[in-house]
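Colleague: make a model of this:
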Amino acid sequence: MFKAKHLHAEKITVLTTLFRILSSAAEESDHAFKMAFSNMSSNDRHLLITFSVDELRYLLLKITAENKLNTRTELKKYSIPEELPEDFKQLLTEYQEKFIKRYSILISKGHSRSREYSKKEMALALKFVRYLTNQGYSNWLQVGQTQVVNFIQDENTRFSYELRHFLKFARDHRNPFKKRKSGKPKKNASALTSTPLPKVLSPKIVTQLLEQIENDHGDAAFALAWLVCRMGLTLTAAFQLPLSRIMINDQDECVIKPNEVWISVPEKIKKILTSLIEAHYPNWQTIPDKTSEYFTIFPYYIENKNKFGMKILHSQTKELRSSAILALMKKGYQDRITLHKAIGVSMPTIVKLEYLLPVDTHRKLDPELIKARNAVILGEDKDG
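Modeller: This next block holds a predicted model:
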């Protein structure tokens, strides 16, 4: 009834219980089945839809669409040890609540995040607080730079982003002398600040990588890599691309909708995508959008998105995406709004990539003027 591959024992137990509830309700009546599913938590509904076999998933999605049910997965919460000092427990609780609130905002705005969104941050915060407790500290006001340095040395770790993030949060929430924001906008500093240029790869390297993936890893891996390396999608957006955002238009072109605009793909990618889809959804073009938005393609062929990024894309996902966006800009797609609406790239990313464009990209000068300018620079213009 459900796909048990790559599931932890705890999740299998939960799913078994949920399916037993549905099975008992189904024996009673169709209405009881619908009510049993509708009365479950959004997280339980999400689990059932994610791990059901295709026939059951289609039925559950139909109930979800008809009743406008929420199927959002809940953020995983981490237990805070009771033996910690009260001040540290309260600090960790507030830190976790910050992630819960942030997660809810992101999900409500249509973003996707793993239920383990706060895993690294919470794990390091717990580790640091346990260390402080073992050293005899019981209040954050006792903690300073010395304790941070000692922790890094004793635990043989580094001053990571996760640690900096927790320290900033703790200092902001546990410093009674910190001045609170007045609400007045802060003036920008007048001094110039250097912006680090984004890393990109040469077109030749990107082409070689795609050829290697196509030869060594097959069509599904090639199509997923192409969406990142040529279209400029994030790996997550490409991997989770739902059927509702793929279609064959009246001109018999395959078009996809990464963000707000439908974009046609080459014939080669069209053949691969349609072949991958039809293997699991033979009548995919007739499935209603409200249902097909829950159906994805690549998870059937690629088990782990993160491993794909590390092993197949050689941990260069960000560089490959930046290279694709820069290539689009060099082809003439330089309008920021167009790029954002087409592939979902953020404005700050576009601005950074614009630093890599030639100086004269946005200003088309008369060729004769360029020649005259060069003559002056080279000292060849006697009248200049």
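
Colleague: please identify which helix or strand holds Thr338.
Modeller: helix 336-343 (DSSP states H and E).

Colleague: what helices or strands is that helix leaning on?
Modeller: Counting contacts by 3 or more CB pairs under 8 Å, 6 or more residues apart in numbering; DSSP states H and E, helix 336-343 packs against helix 317-330, helix 347-354. Yep, even glycine has a C-beta here, placed from its N, CA and C like the rest.

Colleague: any idea which of those is most buried?
Modeller: The highest average neighbour count among the helices and strands packed on helix 336-343, using mean count of other CB atoms under 10 Å, belongs to helix 317-330 at a mean of 21.

Colleague: what residues of stretch 86-104 count as buried?
Modeller: The neighbour-count check on stretch 86-104 (16 or more other CB atoms under 10 Å) flags 87-88, 91-92, 95-96, 99, 103 as buried.

Colleague: how about CSV for the residues you listed, with pLDDT, secondary structure and distance to Ala125 added?
Modeller: Compiled in CSV, the buried residues of stretch 86-104 are given as follows (pLDDT from 0 to 100; DSSP: H, G, I helix; E, B strand; the rest coil; distance: CB to CB, whole Å):
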residue, pLDDT, secondary structure, distance to Ala125
Asp87, 87, helix, 14
Phe88, 87, helix, 10
Leu91, 89, helix, 8
Leu92, 88, helix, 6
Tyr95, 87, helix, 6
Gln96, 86, helix, 9
Phe99, 84, helix, 10
Tyr103, 74, helix, 16
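
Colleague: any chance of the residues you listed in CSV, plus distance to Ala36?
Modeller: Shown next, in CSV, are the buried residues of stretch 86-104 (distance: CB to CB, whole Å):
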residue, distance to Ala36
Asp87, 44
Phe88, 42
Leu91, 41
Leu92, 37
Tyr95, 37
Gln96, 31
Phe99, 31
Tyr103, 27
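
Colleague: may I ask which two of those are separated the most?
Modeller: Asp87 and Tyr103 (25.1 Å; CB to CB).

Colleague: poorly predicted segments of the stretch 101-250 of the chain, please.
Modeller: Across the stretch 101-250 of the chain, residues meeting the criterion (pLDDT under 70) sit at 107-115, 174-195.

Colleague: for Ile263, name its beta-bridge partners.
Modeller: Ile256 (DSSP bridges).

Colleague: mean confidence score for the helix holding Thr338?
Modeller: In this model, helix 336-343 has a mean pLDDT of 87.

Colleague: can you mark which positions in that helix are buried?
Modeller: For helix 336-343, using 16+ other CB under 10 Å, the buried residues are 339-340, 342-343.

Colleague: Asp44 reaches Thr17, doesn't it?
Modeller: No - with contact defined as CB atoms under 8 Å, Asp44 does not reach Thr17; the gap is 9.3 Å.

Colleague: more neighbours, those two?
Modeller: Applying other CB atoms under 10 Å to Asp44 and Thr17 shows that Asp44 carries more neighbours, namely 19 against 10.

Colleague: all the strands of the stretch 201-350 of the chain, in order from the start?
Modeller: 246-248, 254-256, 263-264 (DSSP state E, counting those that start in this stretch).

Colleague: what's the shortest one packed up against?
Modeller: Under the contact criterion of 3+ CB pairs under 8 Å, 6+ apart, the helices and strands touching strand 263-264 comprise strand 254-256.

Colleague: redo that, cut-off 6 Å
Modeller: For strand 263-264, there is no helix or strand it packs on, judged by 3 or more CB pairs under 6 Å, 6 or more residues apart in numbering; DSSP states H and E.

Colleague: Cys254 and Leu92: what is the separation?
Modeller: 49 Å (CB to CB, to the nearest Å).

Colleague: what does Ala125 give?
Modeller: Ala125 is 6 Å from Leu92, by CB to CB.

Colleague: looking at this, Ile100 is in a strand?
Modeller: No - the assignment for Ile100, made by DSSP: H, G, I helix; E, B strand; the rest coil, is helix rather than a strand.

Colleague: quick one: pLDDT of it?
Modeller: On the pLDDT scale, Ile100 gets 80.

Colleague: give me the distance between it and Asn43.
Modeller: 13 Å.

Colleague: packing partners of the helix or strand hosting Leu59?
Modeller: In the assignment (DSSP H and E), Leu59 maps to helix 54-67. For helix 54-67, the packing partners by 3+ CB pairs under 6 Å, 6+ apart come out as helix 30-38, helix 42-51, helix 289-292.
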